[in-house]
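Dropping a prediction and its sequence here:
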Amino acid sequence: MKKTVYEKSIRGIVNQMTQIIGPVAIMQANTLKGLRVTALGDVDIKGDAVDKIKKLIKAYEVLIGPVAATIAKKGIQKILEKNPKLKIPEEWG
């Protein structure tokens, strides 16, 4: 099954955060309703993917502060370069 660009984006964000805070990043992602992330990098999104990205970043900000948004952007930088019209949270625009 082909992964959507949003699934890849969430995987990139979670992977980047995992490098900083370890497996807590996956656990935090899985606290969000409609989002499931496995340790193997499988991502399942139910509902609005942009909203899930926004909520995921907010959840990480609770853990580590505002630097979470910068870390998240770094996690999807290549995806954004390849998909310039990708819908992203407004505050990133």
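Received the coordinates, thanks.

what pLDDT, on average, does stretch 34-42 get?
Averaged across stretch 34-42, pLDDT comes to 95.

How far does it sit from its chain's centre?
Distance of stretch 34-42 from its chain centroid, counting by CA atoms, centre = their mean, to the nearest Å, is 10 Å.

residues making contact with that stretch?
Outside of stretch 34-42, the residues within contact range by CB atoms under 8 Å, 6 or more residues apart in numbering are 10-11, 14-15, 23, 26, 29-30, 43-47, 52, 55-56. In this view, the C-beta of every residue, glycine as well, is placed from N, C-alpha and C.

What about Y6, how many residues nearby?
The local packing of Y6 (other CB atoms under 10 Å) involves 21 other residues.

Ok, I64 next?
By other CB under 10 Å, 15 other residues sit near I64.

where's the host helix or strand of R11 relative to the chain centroid, distance-wise?
Counting by DSSP states H and E, the element that carries R11 is helix 5-21. Put simply, helix 5-21 sits 5 Å off its chain's centre (CA atoms, centre = their mean).

Alpha carbons of that helix, in PDB - could you do that?
Taking C-alpha atoms only, helix 5-21 is exported to PDB below (Å, rounded to 0.1, in the frame of the first residue of the first chain):
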ATOM      1  CA  VAL A   5       2.500  12.400   1.700                       C
ATOM      2  CA  TYR A   6       0.800  13.100   5.000                       C
ATOM      3  CA  GLU A   7       1.700   9.700   6.400                       C
ATOM      4  CA  LYS A   8       5.200  10.300   5.300                       C
ATOM      5  CA  SER A   9       5.200  13.700   6.900                       C
ATOM      6  CA  ILE A  10       4.000  12.400  10.200                       C
ATOM      7  CA  ARG A  11       6.500   9.600  10.100                       C
ATOM      8  CA  GLY A  12       9.300  12.200   9.400                       C
ATOM      9  CA  ILE A  13       8.200  14.300  12.300                       C
ATOM     10  CA  VAL A  14       8.000  11.400  14.700                       C
ATOM     11  CA  ASN A  15      11.400  10.000  13.500                       C
ATOM     12  CA  GLN A  16      13.000  13.400  14.000                       C
ATOM     13  CA  MET A  17      11.400  13.700  17.500                       C
ATOM     14  CA  THR A  18      12.500  10.200  18.300                       C
ATOM     15  CA  GLN A  19      16.100  11.200  17.700                       C
ATOM     16  CA  ILE A  20      15.700  14.000  20.400                       C
ATOM     17  CA  ILE A  21      13.400  12.400  23.000                       C
END
